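Asks: need a 3D model of the following:
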Amino acid sequence: MIIDRDAAGREAVDLDACDAIVVRDGRVLAADGRLVELAPADQPEASLRIYLGRERDRPLVGLVPVDASFGSDYDGIGGDRMRGLRDLLAGFWDRGVEGARDHELATTAVAIAAWHATHPRCSLCGVPTEPSQGGWVRRCEPCGRDHYPRTDPAIIVAITDPDDRLLLAHASHWSPRRFSHLAGYVEPGETFEQAVHREVSEEASLDLTDLEYLGSQPWPFPASVMVAFRARAASADVTVDGIEISEARFVAREDVPGLVGDGQIVLAPKGSVARRMLEDWYGGPLPEPRADGPVDV
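Replies: Here you go, the predicted model:
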């Protein structure tokens, strides 16, 4: 962790005196793939401030602007504008430690801001709640109850068959030719491992062995953490459910350059845990599509 979240200081920090990154509707203010930080004198009027923590003793906040159009377009000078996290992932990943730092700040700000936007009232009495503890709690005064942000765990699994081919699947709601690993939310009462077996059985009718934990990644779209595994399928006989998954196939390493190069498949973006899982199986950086490949219309 690069940013000290400073949980003990959340009630004491002066949020109005901190440098800020701007966050709104799942987007952050960025220029040239980097987060833009605004000094207090340069900040727009805020509807919410969230204490993100300290970077070498410098406090930072996430600021949700009152003006819904703030940062919507290029300013004509520095190119600052609101950008979605998916657009920024690859740039963060390419910049090493500096990019990892921006990733920490951006994902935290987006996740907490989304929680505030969707949980404005007490779940017990329905009364509007107020932010407290640096934006990490919403307080219901009539109930005296504190409400905390939630994170929904989801599993993602890289599956190989007995010939070490990798399963790539297309979700029904995705754009054409986009393929990735099977994934799904963990249900109440499940372990992560049980969720892997259930999701794969439901979506592809496969039985798994050799399940192994790989890592995790915050995925605030709007409030998840992806927990990654790899496993081996007992056979290559795939039967998709036709509802969540419309197509799935096992792919050999030697077939990947041709499939990606001519645009038959579009893989997960750089910086995503799904991409890292793909490259771990492939054995290195994945090929890029050719400029003359097919284009979605």
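Asks: so how far is the helix ranked longest in the chain from its chain's centroid?
Replies: Criterion DSSP state H: the longest helix present in the chain is helix 96-118. Centre-to-centre, helix 96-118 and its host chain are 9 Å apart (CA atoms, centre = their mean, to the nearest Å).
Asks: could you identify the helix or strand that succeeds that helix?
Replies: The element immediately downstream of helix 96-118 (helix or strand, assigned by DSSP states H and E) is strand 130-132.
Asks: C-terminal to that following strand, what's the next element?
Replies: Using DSSP H and E, the helix or strand that follows strand 130-132 towards the C-terminus is strand 137-140.
Asks: outside of whatever helix or strand comes next after that next one, which residues touch it?
Replies: Where DSSP H and E defines the elements, the next helix or strand beyond strand 137-140 is strand 145-147. Contacting residues not belonging to strand 145-147 are listed as 119, 122-124, 129, 132, 137-140 [CB atoms under 8 Å, 6 or more residues apart in numbering]. Glycine gets a C-beta too; all of them are placed from N, C-alpha and C.
Asks: among these, name the buried ones.
Replies: Neighbour counting by 16 or more other CB atoms under 10 Å classes 119, 122, 129, 137-138, 140 among these as buried.
Asks: farthest pair within those residues?
Replies: Cys122 and Val137 (12.3 Å; CB to CB).
Asks: which among the buried ones among the contacts of strand 145-147 gets closest to Gln264?
Replies: The closest of these to Gln264 turns out to be His119 (CB to CB; 41.9 Å).
Asks: against Phe229, how distant is the closest one?
Replies: Per CB to CB, to the nearest Å, His119 is found 30 Å from Phe229.
Asks: now do Leu211
Replies: For Leu211, the distance to Phe229 (CB to CB) stands at 6 Å.
Asks: okay, these two: which has more neighbours?
Replies: Each of Leu211 and Phe229 has its neighbours counted (other CB atoms under 10 Å); Phe229 has more, 22 against 16.
Asks: name the helix or strand for the more buried one, please.
Replies: Applying DSSP H and E, one finds Phe229 within strand 224-233.
Asks: partners of that strand in the sheet?
Replies: Using DSSP bridges, strand 224-233 pairs in its sheet with strand 152-160 (parallel), strand 208-219 (antiparallel).
Asks: if anything else comes up later, I'll come back, but that's it for now.
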